[in-house]
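1. With the sequence up front, the predicted model follows.
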Amino acid sequence: MVEFVINPLSKISSMALILHSGNRLETLSEKLADLLRASPLPPMEPETIVVQSRGMARWIAMSLAQHLGAWANACCPFPNTFISEMYRKILPDQPASSVKESREIMIWVIMGLLENLGNKPIFQPLNNYISEGGGIKRFQLAVQLADQYDQYMIYRPDFILQWEAGAGDSWQAQLWREIAARTAKDHRASQLHSCLNILRSKQLPANALPRRVVVFGISSMPPYHLKVFEALSAYTQVHFFLLNPCREYWADVLSEKERGRLRKLHGKTDDQLFLEKGNPLLSSMGRLGRDLFTLIHEYDCLEEDCFTDPGNNRRLFQLQSDILNLCRMPPGADFQDDDSIIINSCHSPMREVEILQDHLLHLFQKYPDLLPRDIIVMAPDLEKYGLLVQAVFDTAKDDPLRIPYTIADRSFLKNGGITETFFAMLALAGGRFGVSQVLPLLDCAAVRRKFKLNNDDIESIETWVAEVKIRWGLDEESRRSRGLPGFKENTWEAGLDRLLLGYAFSGGDKQLFAGILPYEYMEGTASSVLGRFMDLFQKLVELDAYVKKSHNLAQWSRVLAALLEECFEPGEGEESEILLVRGAFEHMRFTGAEADFSEEVDRQVVDGYLKRVLGEDRSGSGFLSGAVTFCALLPMRAVPAKIICLLGMNDGDFPRISRKMSFDLMAQSPLPGDRSVRFDDKYLFLESILSARKQLYISYVGQSAQNGRRRPPSVLVTELIDYFEDEAAGGKDSCPEMITEHRLQAFDPEYYRQNGRLRSFSPENYQAALAAVGDKFAAVSLVEESLKESSESRELAIEQLKGFFVHPARFFCQNRLGIYLPGREDMTDDIEPFDLAGLDRYIISEELLERYIQDKGQGFFESARASGVLPPGAVGQVAYHEMQRQVNSLYQNLGKHLSESMSPLTINLELGGFTITGVLSGITASGLVRFRSARISAKDMIKAWIDHLLLNFLQPQGVACQTLIVGTDGMLAFSPLADPERILQELLNLYLDGLRRPVHFFPQTSQEYAKRISEGKEISAALEAAQGKWLGTYYPGEGTDQYYGLCFKDKNPLDRQFMDLAEQIFEPLLASMENFLP
């Protein structure tokens, strides 16, 4: 067996720190491949390539595989991880502790210390902050302090080491000494210090260091990390492969702000101060890289330059070349019809994504060799844009416009999966238990699997919850505990009691049992679904009881792990996520134990800690996987691609603002190499410019969706635009407009004009655009051609015929296409009723009227209250009595007409090839009586009209052939008919036609048109009146109905067919109708 021993003097000179810099990562990776090919390591010895992001690790692996034919056996640690691992190899006896663990342990140590600060005057600022707010304020401060001390360890380790040695009397110094007394001494500052001392002492264990270390694609590094790598170079080769925007020396190139500060300080001009201007974009955005190269050049190192000039034949290449050569664009440069830099101003993030999709389709059309993997799309807020990308880009696999894509960097906290649902459960417990908080838990596939609930089951549960009027609160006590009146109505206890009793008893007679009104539609297999939902709900109730008290971290970890096990069943691809969540519980327990933190904490603290831990873990899959990559705009992320797209480049959103804590000592005395999120973002934008090989695409929300007012883009985008405008031929005014302002709507006709600047590939939006410019098109129908007649079409019940004419479009969608659209009523309303109105008022009025007619009105108030329809307390009583007064008045009007009630008439008749069955009720000697506890509507007239036609066709003995309709606004009557068979046959034929295709009949709108025509109005006036009913004024019009929208979205429904049908159906009805009676 051969043992490879590193001899720092035999093969490697003291100048073993080698810097390879270039303006293209492809060139740098090629140089690295040459190095690996020329001096390969032994086969079983892994190559060490230090990177700053997982995306860069994947990119370099793919690039090396392409250059070398195969690539394996490499480790790609981050700098902190590499130094910690090296420390453990150099000092193997030291206990292993990760950087993350050390920081989290520190949080609990500080949390405990803050509780026992006492009245020491030096800690008064901390006491003032945590004096109010309980444990959560202490936790938040502990997190901020732990993060701050962690930053000191990396960027100011001397602070930490001096404080430990007893120097300093500030509260930060004294608090650190308290922390150090309770934690391990091998923190990062100590590790850095020990590493440097051992490396400089030349006393290393054999094989402690890798034979070669490569640092690739890093944009920033703390000075002390650089010291470690420099010391390491005395033993082994250390190669830095770094992206350098500029081949010239640019360490003294300052931004305008920096030069202005010096001019003000010295009272001299730039020339007098010998200040270099260079390229304005490099000086403004390049500070992060400038500091890194300045720090590296403080050490002796070999340098290899590998720069490539991109040329100047396109705007993007000219910009990259200007930055490379530290110069400004030559005056008079002309880039007419150049699309290498695209900047789009949009009205919303959704429009940004829609416009991006059309743009990518255009690129694929323009460049046949362009592949999805050649495109990277980045956004500062991937959680927001990720959902929009899914909504826009998720199309059928056989869709010719489908673009394959993946989303990387999604946080588990907002992925709609196990993690997000778990935290929703935790937030629910101890809260209001609103319906809108509980029911969305059922959207999680892992929860459905665990409780064996399918889509139909979920729909049933949502319907039950809505119909038993559950709103919020576990029970009356939970409401009372929130300082509100303790009523039971609209709570989960009240609603679930109704559902359970509905299974045990029939609720059809509306009789109370122990003050509970059984739900009347609970039967069959529904009980099994209810039982499984109750199992889940009971877990939530138990969690609610648990979180109301504080517990220690071990207890929290155990209970939450049990909740995860009992409520979630991971599916394919979810195992890693549930392991992460379970690991977070164990991590919380372990770090608390390591910190000797035994204090009990509340739910808020646990929630905050777990979100912090899990928020740092992001899905690593999806980056550069062969499809269009959507990823977060993160530092150290920019990798080369033919097309680089940046979304969400809004003013105020990017670059981010650096928010420093008031006690941040680094901010008070900044040094080169210090991290700043603002400088990070600026340099990332610069790297994105340099990494685009064919096109740089930028979009932002630059126009208000409400009033169209313009909004500025990110200051970085503004600087980019100004750069070209300042040097344009003829000055700024002659520069072609770089910003394209897009339209609010995706179906704007401008997107479909030939040779226009705007374009769209959406066929649906094309049809809508045609509709916007007039009727010169053939609109797309819901069904391309009429459906065939079904075998049962000519056999129908009376209620089917009525249901058709009340809403032909809905009847067609549901009965022929199987399409059931959700109702308008919000199924997850969290607000208990405060008045009695709308549909609830109508239903309860009808029910009370029926009870009056049956002489069963006693006790109805108690049933109504138990149903959850009435507002709670005295308000409900007042609302009920007002409704009761109106119903009683209506009953008095009905009384004399119902005194001669007769038995219902059973119908089974043949007419023109149709078979009609059903029951005709409400028969008296004076004719049919129909009543409604509301104003009489067109739909009421149509239903009564169909009954009236049947009555006149059958002409039962002893019954007058007339029909009376009674409503709260009066009465109307239909007189006897001479030819009911003909009219009924016409309606049956229309019914048959309406089963083949949507017909243009809309009860309210059609009645308004027919009424105006019957009054002798002109067709134009009648259509205008009908249009008012269709569109609505103060209230939504009939045309807002979603079934009409589905059937007629691309058509003008008030056409010739509409007019013909309105007259055909309503003309005989109106002719038979007598005036309203007093």
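-> Thanks, I have the structure now. As the structure is a prediction and not an experimental result, all values here were calculated from the model. Numbering: from 1, shown residues only.

2. Was I right to think N765 contacts Y751?
-> Yes: assessed by CB atoms under 8 Å, N765 is found in contact with Y751 at 7.1 Å. Where you see a C-beta, it was placed from the backbone N, CA and C, and this is true even at glycine.

3. Between those two, which has more neighbouring residues?
-> The neighbour comparison of N765 against Y751 (other CB atoms under 10 Å) goes to Y751, with 22 against 18.

4. how about the helices in the stretch 101-250 of the chain?
-> Counting by DSSP state H, counting those that start in this stretch, one finds helices in the stretch 101-250 of the chain at the ranges 124-130, 134-155, 157-164, 171-180, 188-201, 223-232.

5. can you check the stretch 451-600 of the chain too?
-> 455-467, 476-480, 492-504, 526-547, 553-567, 575-594.

6. swap in the stretch 801-950 of the chain?
-> For the stretch 801-950 of the chain, the helices defined by DSSP H, counting those that start in this stretch occupy 808-812, 838-853, 860-867, 873-898, 938-954.

7. would you turn those helices into a markdown table with distance to R247, mean pLDDT and mean neighbour count?
-> As requested, the helices of the stretch 801-950 of the chain are arranged in a markdown table below (distance: least, CB to CB, whole Å; pLDDT from 0 to 100; neighbours: other CB atoms under 10 Å):
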| stretch | distance to R247 | mean pLDDT | mean neighbour count |
| --- | --- | --- | --- |
| helix 808-812 | 69 | 93 | 23 |
| helix 838-853 | 73 | 69 | 17 |
| helix 860-867 | 79 | 73 | 19 |
| helix 873-898 | 78 | 72 | 15 |
| helix 938-954 | 79 | 94 | 22 |
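
8. Any chance of CSV for the ones you listed, columns distance to A1071?
-> Shown next, in CSV, are the helices of the stretch 801-950 of the chain (distance: least, CB to CB, whole Å):
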stretch, distance to A1071
helix 808-812, 22
helix 838-853, 29
helix 860-867, 40
helix 873-898, 23
helix 938-954, 11
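
9. closest one to E910 among these?
-> Closest to E910 of the helices of the stretch 801-950 of the chain, according to CB to CB: helix 938-954, at 11.5 Å.

10. Just the CA coordinates for the helix or strand just after the closest one, please, in CSV.
-> Next helix or strand after helix 938-954 toward the C-terminus (DSSP states H and E): strand 963-967. Output of strand 963-967 as CSV, limited to C-alpha atoms (Å, rounded to 0.1, in the frame of the first residue of the first chain):
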residue,chain,number,x,y,z
THR,A,963,-102.2,30.1,-11.2
LEU,A,964,-101.5,32.6,-8.4
ILE,A,965,-98.0,33.6,-7.3
VAL,A,966,-97.7,35.5,-4.0
GLY,A,967,-94.5,37.3,-2.9
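
11. Could you measure from the closest residue to L64 other than its chain neighbours over to H551?
-> Spatial nearest neighbour of L64, excluding adjacent residues (CB to CB, 6 or more residues apart in numbering): W71 at 4.4 Å. W71 is 49 Å from H551, where distance means CB to CB, to the nearest Å.

12. before we move on, back to that, right, and the helices of the stretch 101-250 of the chain - which one's nearest M56?
-> Using CB to CB, the helices of the stretch 101-250 of the chain put helix 223-232 closest to M56, at 16.6 Å.

13. lowest confidence element among the helices and strands of the protein?
-> helix 270-273 (a mean of 51; mean pLDDT, DSSP states H and E).

14. Following element in sequence after it, please.
-> Next in sequence after helix 270-273, counting helices and strands by DSSP H and E, comes helix 280-285.

15. Check what contacts that next one and list those residues.
-> Residues from elsewhere that reach helix 280-285 (CB atoms under 8 Å, 6 or more residues apart in numbering): 245-246, 250, 253-256, 258, 277, 319, 322-323, 326, 328, 682-683, 685-686, 689, 716, 719-720, 723.

16. Next secondary structure after that helix?
-> Proceeding N to C from helix 280-285, the next assigned helix or strand is helix 287-296, under DSSP H and E.

17. May I see the buried residues of that following helix?
-> Neighbour counts over helix 287-296 (16 or more other CB atoms under 10 Å) mark R287, L288, G289, R290, D291, L292, F293, L295, I296 as buried.

18. returning to that earlier point: any chance of JSON lines for the helices of the stretch 101-250 of the chain, columns mean pLDDT, mean neighbour count and distance to I376?
-> Putting the helices of the stretch 101-250 of the chain into JSON lines (pLDDT from 0 to 100; neighbours: other CB atoms under 10 Å; distance: least, CB to CB, whole Å) gives the following:
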{"stretch": "helix 124-130", "mean pLDDT": "81", "mean neighbour count": "14", "distance to I376": "43"}
{"stretch": "helix 134-155", "mean pLDDT": "92", "mean neighbour count": "20", "distance to I376": "29"}
{"stretch": "helix 157-164", "mean pLDDT": "93", "mean neighbour count": "19", "distance to I376": "36"}
{"stretch": "helix 171-180", "mean pLDDT": "92", "mean neighbour count": "18", "distance to I376": "42"}
{"stretch": "helix 188-201", "mean pLDDT": "83", "mean neighbour count": "18", "distance to I376": "33"}
{"stretch": "helix 223-232", "mean pLDDT": "91", "mean neighbour count": "20", "distance to I376": "28"}
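
19. I'd assumed N325 was in contact with D309.
-> Yes: with contact defined as CB under 8 Å, D309 reaches N325; the gap is 7.5 Å.

20. pLDDT weak spots in the stretch 951-1078 of the chain?
-> Within the stretch 951-1078 of the chain, the stretches with pLDDT under 70 are 1050, 1075-1078.

21. And the strands in it?
-> For the stretch 951-1078 of the chain, strands defined by DSSP state E, counting those that start in this stretch occupy the ranges 963-967, 970-974.

22. just the ones you listed: most buried one?
-> Stretch with highest mean neighbour count among these: strand 963-967 (a mean of 23; mean count of other CB atoms under 10 Å).

23. Let me know the helix or strand that S699 is in.
-> strand 692-701.

24. moving C-terminal of that strand, what's the next helix or strand?
-> The helix or strand immediately downstream of strand 692-701 is helix 715-726, counting by DSSP H and E.

25. tell me which strands and helices that following helix is in contact with?
-> With contacts defined as 3 or more CB pairs under 8 Å, 6 or more residues apart in numbering; DSSP states H and E, helix 715-726 has these neighbours: helix 280-285, helix 315-324, strand 341-346, helix 677-691, strand 692-701.
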